[in-house]
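In: Okay, predicted coordinates and the sequence, questions at the end:
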Amino acid sequence: MEELVFTRPRYLKKTPFHYCPGCGHSIIHRLVAEVIEELGIGDKTIGVPPAGCAVLAYDYFDVDMGEAPHGRGPAVATGIKRILPDRIVFSYQGDGDIAAIGTAETIHAANRGENITVIFVNNSCYGMTGGQMAPTTLLGQNSTTTPGGRDARRDGAPIDLSEILALTQGSVYIERTAVSSLKNIIKTKKAITKAFKAQMAGKGFSLVEILSPCPTNWKMSTIDACRRIDETVVQTFPLKVIKDETE
Amino acid sequence: MDKKQLMRGSQVIGEAAVRAGCRFYAGYPITPQNELPEFMSGAMADLEDGTFIQAESEIAAINMVIGASMAGARAMTSSSSPGISLKQEGISFLAALELPAVIVNVMRGGPGLGNIAPSQGDYFQATRGGGHGDYRSIVLAPAHGQELADFTRDAFEYADRYRTPVMILADGMMGQMMEPVVFPEAVNPSELPPKSWILDGAQERPSRIIRSLILDTVEMEEHNWKLARKYRMISNEIPRAETYMTEDARLVVIAYGTAARIARGGIRRAREMGLKVGLLRPVTLWPFPDRAIREMSRLVKDFMVFEMNTGQMIEDVRLALEGRSNVHFYGRPGGIISTPDEVGKAISSLYYRQHLKEDR
Amino acid sequence: MGESNGKRPMTAKTNKGRIVIDSSLCKGCYLCISVCPNECIAVSDETNEKGYHPARFKNTKGDTDHACTGCALCAIMCPDIAIEVYRG
């Protein structure tokens, strides 16, 4: 008897993704939807999509979704969660959204220990606007606003927001993973599961930073983009559990 | 009916908000409105279902209000002029997302940091929308303590009815003054009409989206027209103005809020001198009560707009009159509070200058 | 396909896996091809409506037919959920 062992998760609509070929966003969407399904929380989850490439996340996730202005996801999520503390609230944010324009909202949501989960997608560039320098752009990395490469003296060095968030008392679980390989994808799903479980147990602020390929703006093949994460990006943003106080 | 209580204006707004069923407040300290968040911190702590958050910024506060409103709560934030500027992004989103919320602006002198004295410098910002895009916010202009209570209740009602942000435009004087107030009956939030659009988890219903990004130009145009139809409906349904001694008036002062209160004193002094002067006070600043002003122009050929700024509402008065009558201006910006005597003198000098004393 | 005498080639074992690629969803990133341990996926000569040459399930590894084990690695890697996996 033949068995269907892999198909589209219940909490993703049948809408085809608008993302570029080889983009990590769609893998991450799927992982989040799989976790929501496996944890049985689809009918009480509310998502907050960002401004950026994932702005249309509400077209894909089949859970309640409420848009936030650029960078304000953690503040919007705070408002929702405080009114509906028994629901599961996640914000989905890119590196520019979370580590540049929304730094204050993110740090203070973490510091208050808001019982929300943040999915932080780090692709080291502003994707939707066409590949400008992001707060996470690596030193020497070319972007449309750092011709010749990011220079620490001119542009500042890449910011490690996850490490900063780990310093706040209210954060309980912060892990950096990647979707550059099968092994990393499986680890990422485990991390997302753990983050949502931390919220379900009322522990406090949880965040998974996910290194994600942007072949289009990195001007690379999809496979080379994954390799770049594994060989180069992890030098600046090492994959690890940054903080775990869930036990 | 509750009995009369003596209370500071900022706290009146807070108490009235709680009684209107407000269960979420987020704000950031700024003078001269700090008594309001301070009051809310205690009031929300006393409620089982109340939330108070001292936000990290004005921007965060208004976005928390967006979230609370999405989740179905009656939510409020407050600030003073510079802080309201920071909230404009969120107010534009509230309008676009069609979310109810109440925003209190206790105006102070500006632009920039300005000062902390009462002012009406934010009239344009409040009535023109303030943030980006093609939208309006309902703007209510109370003039004394009792109206702070009543209009706060109205603000939450309008916000829910029209699913749009409502601003209460007060000033430092109103916020600080202690006045007797009778509060309306308290509303139990669980007895308010259920909202069919909130995000509370897609249990036994399809999932919902609340969004303002509309990339398709045809769809965006339709959304804009939909908002415009709503604004037209609001403009037909809620404009309010109050008149004082206008029956036989040959000169009518148009002023709102604290300025209207001062104008009353000026008008009384002018009346003592035998001048036929009255007051028209816009209560809703948006929608502006143009019809009331236009009606009055049939008998009154001279209006004096009095504002605590260099002349902002005067533009709406001119638009309302469309040249039917003469429009004059008297104003003091920068946090200066004119005295009734001063306004009385401005009235009488205008009265004589326009030869209104002479028989028609 | 393949054998003119109609006989199946002898293989070490016959794997019981199968994938279905929705070629309309495929954007031709070929990450699936990069992770398939049995070389069961190839690039199609055809283009889909998006203009990409989609991935195609060929289910062979060298001379081995039915090489797919239904391990689902391709599906886990696929960004566009274009692959469904059957086993058994």
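Out: Looks like it arrived, so ask away.

In: can you confirm B:Gly67 is in a helix?
Out: Yes - when DSSP: H, G, I helix; E, B strand; the rest coil is applied, B:Gly67 is found to be in a helix.

In: Spit out the contact partners of it.
Out: Contact partners of B:Gly67, counting by Cβ atoms under 8 Å, 6 or more residues apart in numbering or on different chains, are A:Val48, A:Gly66, A:Ala68, A:Ala75, A:Val76, A:Ala77, A:Thr78, A:Gly79, A:Ile80, A:Lys81, A:Arg82, A:Ile83. From N, CA and C alone the C-beta is placed, and that goes for glycine too.

In: residues near the second one, how many?
Out: Burial measure for A:Gly66: 29 neighbouring residues, criterion other Cβ atoms under 10 Å in any protein chain shown.

In: Which residue, neighbours along the chain excluded, lies closest to whatever residue of chain C ends up closest to chain B?
Out: Nearest residue of chain C to chain B (Cβ to the nearest Cβ) works out as C:Ile81 at 17.9 Å. Residue nearest to C:Ile81 in three dimensions, not counting chain neighbours: A:Arg8, with 4.9 Å by Cβ to Cβ, 6 or more residues apart in numbering or on different chains.

In: so how far is C:Ala82 from that neighbour?
Out: Going from A:Arg8 to C:Ala82 by Cβ to Cβ, to the nearest Å gives 10 Å.

In: Quick check: phi and psi at the nearest residue to A:Ile185 once chain neighbours are set aside.
Out: Take A:Ile185 and drop its neighbours on the chain: the residue closest to it by Cβ to Cβ, 6+ apart is A:Val179, 5.2 Å away. Backbone torsions for A:Val179, taken as degrees, to the nearest 10, come to phi -120, psi 40.

In: same question, B:Lys195
Out: phi -100, psi 130.

In: hmm, who's touching the strand or helix carrying B:Phe52?
Out: Per DSSP states H and E, B:Phe52 falls inside strand B:51-54. Residues outside strand B:51-54 that contact it (Cβ under 8 Å, 6+ apart): A:78, A:82-83, A:112, B:23-29, B:37, B:40-41, B:43-45, B:61, B:64, B:68, B:73.

In: Out of these, name the ones that lie in helices.
Out: A:Thr78, A:Arg82, A:Ile83, B:Pro37, B:Met40, B:Ser41, B:Ala43, B:Met44, B:Ala45, B:Ala61, B:Met64, B:Ala68 (DSSP state H).

In: Show me where chain C has its strands.
Out: Assigned by DSSP state E, the strands in chain C fall at C:17-21, C:41-43, C:55-57, C:60-61, C:64-65, C:83-87.

In: Partner strands of the strand holding B:Phe52 and their direction?
Out: The pairing partners recorded for strand B:51-54 under DSSP bridges are strand B:22-27 (parallel).

In: and the partner strand, C-alpha only, in CSV?
Out: Coordinates of each C-alpha in strand B:22-27 appear next as CSV, following Å, rounded to 0.1, in the frame of the first residue of the first chain:
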residue,chain,number,x,y,z
CYS,B,22,-10.7,50.4,27.2
ARG,B,23,-8.6,47.5,28.3
PHE,B,24,-5.3,48.3,26.6
TYR,B,25,-3.1,51.4,27.0
ALA,B,26,0.4,51.8,25.8
GLY,B,27,2.3,55.1,26.0
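
In: For whichever residue of the stretch 251-360 of chain B sits closest to chain C, which residues are in contact?
Out: Nearest to chain C in the stretch 251-360 of chain B, going by Cβ to the nearest Cβ, is B:Trp286, at a distance of 47.4 Å. The neighbourhood of B:Trp286, defined by Cβ under 8 Å, 6+ apart, consists of B:Ala126, B:Thr127, B:Arg136, B:Ser137, B:Ile138, B:Val139.

In: quick one, phi/psi of it?
Out: The phi/psi pair for B:Trp286 (degrees, to the nearest 10) reads phi -140, psi 120.

In: How about C:Ile81?
Out: Dihedral angles (degrees, to the nearest 10) for C:Ile81: phi 50, psi 40.

In: what mean pLDDT does stretch C:36-46 have?
Out: Taken as a whole, stretch C:36-46 has a mean pLDDT of 96.

In: For chain C, what lies in contact range of chain A?
Out: Within chain C, the positions adjacent to chain A are C:16, C:18, C:24-25, C:27-31, C:34-35, C:52, C:70, C:72-73, C:75-77, C:79-81, C:83-88 by Cβ under 8 Å from any Cβ of the partner chain.

In: The lowest-mean-pLDDT helix or strand in chain C pairs with which strands, and in what direction?
Out: In chain C, no helix or strand scores lower on mean pLDDT, DSSP states H and E than strand C:64-65, which sits at a mean of 86. Counting by DSSP bridges, the strands paired with strand C:64-65 are strand C:60-61 (antiparallel).

In: just how off-centre is the partner strand within its chain?
Out: Distance of strand C:60-61 from the chain centroid (Cα atoms, centre = their mean, to the nearest Å) equals 9 Å.
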